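Enquirer: Return atomic coordinates for the entry below.
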Amino acid sequence: MRGRVRFLDTRPLRGSQSFRELWIGTSVSQVGGQMANVAVLAQVWDLTGSPAGTGAIGLATGLPMVLFGLLGGTLADTVDRRTVVRATTAGQLLAAAGMCAQALADNRNVLLLFALVAVGTSCGALGAPARRTFPVRLLPGDQVAAGLALTNVSFQAAMLAGPAMAGLIIARWGLPAAYATQAVAMVVSTLAMIRLPAMRPEGTYAAGGRRRAERGGWRIVLRRPALWGSMATDLSATLLAMPIALFPLVNEMRFGGNPQTLGLFLSAVAVGGITAGLLSGTVTRWRRGGLVQLSAAGLWGLALACFGLAGPLWLALGCLAVAGAADTVSVVTRSALVQLETPDGYRGRVSSVEHVIGVAGPELGNFRGGLLASATSAPFSLVFGGLSAILAIAAVAATNTPLRAYRTPPAAAKPTVPGVSDATATAGQVPD
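Expert: Residues are numbered from 1 along each chain as shown. Reported below is the predicted structural model:
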């Protein structure tokens, strides 16, 4: 039984109608978001013709993610999380409509495009910490990792279908059609939020405790080596080895700049991710989550360094597929560790830290990669970044024994905070 390969665990979809509806709405919105990502990448490249320009997309998204992601964490531990997600999803819908309008107007101002990207990203970041807490509230404890794996599979499927669809739609109908598809997807996502149950955070702020509570999420992360080690591993992988900003330059240098090939790069990452996701029943049952994440993150860096050296298209796509598989394993194990190790009264704030690192890290990594490629070359930026990520992950592994030894609790054990009583944790406070 120990070595048995298990396929995707679908118990969360069968057993929870609320989770099923959330999953469907999220999956549709992710397809639209991936299509919009390709459209923005293509439009910025058309307007600037520079890898620094495409790298700046990461800056336009990364900064709002840091600011509004942290604010969203406090918000998610203060008010009904369902209300937060409903409002921010509606904001993303308006931003998507604005993207479509600027494309129809044949906008040539890249700053306007960046501003609209930043607005949509801000809304998404504000709601992301609340959204991340939904699976652990909607599912039994022993199905949380499976629910996160299902969510990741839908994301990888969106990465596979979205870019490929975007390449075809842009080639035939232009950028406005791709942005319009995203807007429709956000309508579906908004409707999916209607039937979700109310999800106020467990526990309330005690009188005079708000200032201390706002510090609580960071203090939990810093005081629990498994948490900060897991997040440091993810940051090392994404900040140092994110390749997406370099895709247009690599495509133009090696494959003639065909927009369909650009879509294939992103789809190849998704192929590996989906393959790993379909076998995630094995990973979600492994209890050595910290060791699994460290190994997968190192493989991500190695695969992207090889992508920087790959000549034939089939080899380049193969390297990206391996990177996608490693990313899926890393994300699933990290997400389960963070949610299961954090008391519910802190989950919004700790999830905001995870969101900032897990989403802003890649965007800032794209910015770093674009700048380095402008000064050197795309292959050098990819190889240097991948090898740097491997070294940084090895340093985390060498210095963080609790992460290496971490084991997922076998049952829905209630997470505790060192030095904090259950009553204090429920109230959302930590002692000074």
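Enquirer: Grab the nearest non-local neighbour of residue 134.
Expert: In space, and not counting its chain neighbours, residue 134 is closest to residue 22: 5.9 Å by C-beta to C-beta, 6 or more residues apart in numbering. C-betas here are computed from N, CA, C, even on glycine.
Enquirer: pLDDT score for that neighbour?
Expert: With respect to pLDDT, residue 22 scores 90.
Enquirer: What are the buried residues along the helix or strand hosting it?
Expert: Residue 22 belongs to helix 17-48 when elements are defined using DSSP states H and E. Residues 19-45 are the ones in helix 17-48 that count as buried (16 or more other C-beta atoms under 10 Å).
Enquirer: was I right about residue 263 contacting residue 159?
Expert: No - using C-beta atoms under 8 Å, residue 263 is not in contact with residue 159; the gap is 10.3 Å.
Enquirer: Provide a list of residue ranges in the stretch 251-400 of the chain with pLDDT below threshold.
Expert: 280-287 (pLDDT under 70).
Enquirer: residues contacting the closest residue to residue 38 other than its chain neighbours?
Expert: Closest residue to residue 38 apart from its sequence neighbours, by C-beta to C-beta, 6+ apart: residue 166 at 3.8 Å. Contact analysis of residue 166 by C-beta atoms under 8 Å, 6 or more residues apart in numbering lists 34-39, 178, 263.
Enquirer: could the residues you listed be laid out in JSON lines, adding distance to residue 97?
Expert: Listed next are the contacts of residue 166 as JSON lines, based on distance: C-beta to C-beta, whole Å:
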{"residue": "34", "distance to residue 97": "18"}
{"residue": "35", "distance to residue 97": "15"}
{"residue": "36", "distance to residue 97": "12"}
{"residue": "37", "distance to residue 97": "17"}
{"residue": "38", "distance to residue 97": "18"}
{"residue": "39", "distance to residue 97": "14"}
{"residue": "178", "distance to residue 97": "13"}
{"residue": "263", "distance to residue 97": "23"}
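Enquirer: What is the most widely separated pair among the residues you listed?
Expert: Maximum pairwise distance among the contacts of residue 166 (C-beta to C-beta): 12.9 Å, between 36 and 263.
Enquirer: those helices in the stretch 201-350 of the chain, which residues are they?
Expert: Secondary structure of the stretch 201-350 of the chain, counting by DSSP state H, counting those that start in this stretch: helices at 210-223, 225-241, 247-255, 259-278, 280-283, 289-309, 313-340, 344-355.
Enquirer: residues contacting residue 54?
Expert: Contact analysis of residue 54 by C-beta under 8 Å, 6+ apart lists 41, 44-45, 48, 245, 248-249, 366, 370.
Enquirer: So which of those residues is the closest to residue 309?
Expert: Comparing those against residue 309 with C-beta to C-beta picks out residue 249 as the nearest, at 15.1 Å.
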